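S.K.: A predicted structure for the sequence below; I have some questions about it.
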Amino acid sequence: MTEFVRNHAVRLYAVFAAAVAVASQYVELPVEALLAGAAAVLGVGEATQRTENRKTVDAYLTDITK
């Protein structure tokens with residue numbers, strides 16, 4: 001499961017962000033819940049960015065001459 005999340009972090013983030021957006025439009029939620037969802041999306045976005053940056057650094061450091 002961890003490998004799946006690492007390989008598809010951006011896709012999972014996009015689904016999560018879309019779900020929050022749809023919920024905010026079609027489900028009657030209190031403002032606090034919407035703000036918590038927005039904060040969660042920002043936090044998950046930061047984690048996703050760090051995961052992608054780590055993958056990029058790993059790719060740069062890979063020796064392809066072997």
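M.R.: Nice, thanks for sending it over.
S.K.: element containing Val10, please.
M.R.: Here Val10 sits within helix 9-26, counting by DSSP states H and E.
S.K.: hmm, who's touching that helix?
M.R.: Contacts of helix 9-26 with the rest of the structure, by C-beta atoms under 8 Å, 6 or more residues apart in numbering, involve 5, 29, 34, 37-38, 40-41, 44-45, 47-48, 51-52. For glycine as for every other residue, the C-beta is placed from the backbone atoms N, C-alpha and C.
S.K.: And the residues you listed, which is the shakiest by pLDDT?
M.R.: Among the contacts of helix 9-26, Val5 has the lowest pLDDT, at 78.
S.K.: quick one: the closest residue in space to that one that isn't next to it in sequence from Thr56, how far?
M.R.: Excluding the flanking residues, the one nearest Val5 by C-beta to C-beta, 6 or more residues apart in numbering is Leu12, at 6.5 Å. To Thr56, Leu12 is 18 Å away according to C-beta to C-beta, to the nearest Å.
S.K.: and the two? which has more neighbours close in?
M.R.: Per other C-beta atoms under 10 Å, whichever of Leu12 and Thr56 has more neighbours is Leu12, with 14 against 10.
S.K.: Just give me the neighbour total for Ala47.
M.R.: Ala47 has 13 nearby residues by other C-beta under 10 Å.
S.K.: Give me the phi and psi for it.
M.R.: Phi and psi for Ala47, reported as degrees, to the nearest 10, are phi -60, psi -40.
S.K.: Wait, Thr51 touches Arg6, no?
M.R.: Yes: counting by C-beta atoms under 8 Å, Thr51 touches Arg6, with 6.3 Å between them.
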